[in-house]
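Peer 1: Kindly generate the corresponding structure for this input.
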Amino acid sequence: MNYNPILIVAGEPNSIFLEIFFKSIKLYKNKNPLILICSEKIIKKTNENT
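Peer 2: Numbers count the residues shown, from 1 in each chain. Got it, this is the predicted structure:
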């Protein structure tokens, strides 16, 4: 099977990008894998706030 991954880079740590990303990931129905490039520290901080 041939598929291309989609790279997503989370830029600004204080933006609302990660909140929108995690809410919209439930609707993602594509076969291409998503690769999120972000600090683990920022992801944990976002999960504590939501």
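Peer 1: In the chain, spot the helix with the most residues.
Peer 2: Criterion DSSP state H: the longest helix present in the chain is helix 40-49.
Peer 1: so residue 13 touches residue 43, yeah?
Peer 2: No. Here residue 13 lies out of contact with residue 43, judged by Cβ atoms under 8 Å, at a distance of 10.3 Å. For every residue, glycine as well, the C-beta is placed using N, CA and C.
Peer 1: circling back: just checking, what packs against the longest helix of the chain?
Peer 2: helix 17-24 (3 or more Cβ pairs under 8 Å, 6 or more residues apart in numbering; DSSP states H and E).
Peer 1: chain center to the helix it packs on: distance?
Peer 2: Remark: helix 17-24 is offset 7 Å from the chain centroid, using Cα atoms, centre = their mean, to the nearest Å.
Peer 1: Okay, buried residues for it please.
Peer 2: Residues of helix 17-24 classed as buried under the neighbour-count rule (16 or more other Cβ atoms under 10 Å) are 17, 18, 21.
Peer 1: so which of these would you say is closest to residue 6?
Peer 2: Using Cβ to Cβ, the shortest approach to residue 6 within the buried residues of helix 17-24 belongs to residue 21, at 11.8 Å.
Peer 1: Model confidence for the closest one, exactly?
Peer 2: Predicted confidence (pLDDT) for residue 21: 84.
Peer 1: Over to the one 5 residues further on?
Peer 2: In the prediction, the pLDDT value recorded for residue 26 is 83.
Peer 1: One more: the one 4 residues further on?
Peer 2: The per-residue pLDDT reported for residue 30 equals 80.
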